[in-house]
Structures are given as C-alpha cells and as structure tokens.
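**Q** when you get a sec, could you give me coordinates for this:
(2 chains)
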Amino acid sequence: GAGVSQSPRYKVAKRGQDVALRCDPISGHVSLFWYQQALGQGPEFLTYFQNEAQLDKSGLPSDRFFAERPEGSVSTLKIQRTQQEDSAVYLCASSLGLYQPQHFGDGTRLSIL
Amino acid sequence: AQTVTQSQPEMSVQEAETVTLSCTYDTSESDYYLFWYKQPPSRQMILVIRQEAYKQQNATENRFSVNFQKAAKSFSLKISDSQLGDAAMYFCAFSNTGNQFYFGTGTSLTVIP
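**A** Below you'll find the predicted structure:
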C-alpha cells in the first residue's frame, strides 16, 4: 500500500534482549518521526529525521535507544538491553516536511517480559 | 515547556448529535500549529483537522470544526451529525517547531446508536 508501514506489528522480548523496530515511510516523505505511546496515554516524541539526518533526538529516554535512517527512507529504532518500562506501542510517522500533516503507521506493540 | 491538556477522558454522544471535545495548551510561542488526531482501535492515528495559530478563522473539515481561542489557549473540536465511525480516541496536539509534536492524553469518544 501507499501508507506508512511498520514491522513487526507485535514484538515480545525478554528483559535484557535487544530489539529492532522498522518503519517504511511513504515514498518521497522527507520527515520521519518516532513516538512512544504508553497504555492510555498520548504519543510522546522520541526523535525526528529530515532525510538521513537525525535533527532531534531529545525525546529518546536513554542511551539504550538508538534510531537511524541511513538512506533517508527506511528507519530503524533499536532498543538495547530492554527493560519492562520499554513496553509500549512505538509509532512511526512521516510527512512531506515540517508542519505538514503526519501520516502514521499502525505501530509496533512491544512487550518486555 | 509546551503542554497539552485534555480534561475529558471519556465522552459519549448520541448518533446524529453534536459533541465538543476540549483541549487547552500552554506555550509562550506566538506562532504554532494545532492538530486533532483520531485513533481508532486499529491504532493508526489519522489527522482530523489542523489549525495555524496565525489564522483567526477557525478550520473546518466537513462535519469537523474547531473553536480556536488563542488568548485563552483553547482549541476545541466539534463533531456534528456524529456517526458510529467517529468512535475512537481523539488526541489534541501542538507543534511550534514543526519537528516536535506534543500530544494530550486523549478523549475516548463513544457514539451511541
């Protein structure tokens, strides 16, 4: 389809394991955002890319979180040494540029046991 | 810091009636954007409506309209002729930089047949 695609849709990991979440934005979208959404809460900003440049990573909760977008298209959010508090839905969004409407993926629900 | 407050965790409306969802925000900026997003159980966030702060005219999109009161820092969403498909979580969001978006905690809307 033509929308933002995220995979996997569900991910279960044991505490301490590393996980990688993938986001495939809409073709041609310059801006890419990652959000963390805890149960019953609104999305919280994690990081922002403009093409391949990570211009803002102020929302990443710790140095265990790492995001990349090496070719300015697909992005990967990696969480190292996962902890229970990392359990959440991770949403990816893309847009044509700043202030343009964001198109969201379906999210990845991460559960840490 | 920017904050977005949605004081109504849950709302309900009779089908075909009108409902208003409240949102207030706090910022010292004069130029910014405000958004309402809808998140159905499928999890995908969908943009409902967008308002630029420098525009005095309230935005409208078919059955959806906003009441933007800049001085009061209020941005409510009115849904007219409510339909069953309008049932979802509704999030108010604020952005002044274009790359960081701040979301409220959401209002769960139930539409009663």
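
**Q** tell me the spacing between A:Leu32 and chain B.
**A** Computed as Cβ to the nearest Cβ, to the nearest Å, the A:Leu32 to chain B distance reads 10 Å. (Glycine included, C-beta is placed from N, CA and C.)

**Q** any idea what that residue is bridged to?
**A** Beta-bridge pairing for A:Leu32 (DSSP bridges): A:Phe49, A:Ser94.

**Q** what's around it, how many residues?
**A** Neighbour count of A:Leu32, defined by other Cβ atoms under 10 Å in any protein chain shown: 27.

**Q** do A:Ala13 as well
**A** Neighbour tally, A:Ala13, other Cβ under 10 Å: 16.

**Q** let me see the contact set for it.
**A** By Cβ atoms under 8 Å, 6 or more residues apart in numbering or on different chains, A:Ala13 lies in contact with A:Val19, A:Thr82, A:Leu110, A:Ser111, A:Ile112, A:Leu113.

**Q** show me the shaky parts of the chain.
**A** If you meant another chain, say so; for now it's chain A. Across chain A, the ranges flagged by pLDDT under 70 are A:1.

**Q** actually it's chain B I care about, not the one you picked
**A** B:1.

**Q** those residues of it touching chain A, which are they?
**A** By Cβ under 8 Å from any Cβ of the partner chain, the residues of chain B that approach chain A are B:4, B:33, B:35, B:37, B:42-47, B:50, B:91, B:93, B:95, B:97-106.

**Q** show me where chain B has strands.
**A** Here chain B has its strands, by DSSP state E, at B:3-5, B:10-14, B:19-21, B:24-26, B:33-39, B:46-52, B:60-61, B:64-69, B:74-79, B:88-95, B:102-103, B:107-112.

**Q** including mean neighbour count and distance to A:Gly97, could those go into JSON lines?
**A** Converted to JSON lines, the strands of chain B look like this (neighbours: other Cβ atoms under 10 Å in any protein chain shown; distance: least, Cβ to Cβ, whole Å):
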{"stretch": "strand B:3-5", "mean neighbour count": "16", "distance to A:Gly97": "22"}
{"stretch": "strand B:10-14", "mean neighbour count": "14", "distance to A:Gly97": "33"}
{"stretch": "strand B:19-21", "mean neighbour count": "19", "distance to A:Gly97": "28"}
{"stretch": "strand B:24-26", "mean neighbour count": "16", "distance to A:Gly97": "23"}
{"stretch": "strand B:33-39", "mean neighbour count": "23", "distance to A:Gly97": "13"}
{"stretch": "strand B:46-52", "mean neighbour count": "18", "distance to A:Gly97": "14"}
{"stretch": "strand B:60-61", "mean neighbour count": "12", "distance to A:Gly97": "21"}
{"stretch": "strand B:64-69", "mean neighbour count": "18", "distance to A:Gly97": "23"}
{"stretch": "strand B:74-79", "mean neighbour count": "20", "distance to A:Gly97": "23"}
{"stretch": "strand B:88-95", "mean neighbour count": "23", "distance to A:Gly97": "13"}
{"stretch": "strand B:102-103", "mean neighbour count": "22", "distance to A:Gly97": "19"}
{"stretch": "strand B:107-112", "mean neighbour count": "17", "distance to A:Gly97": "29"}
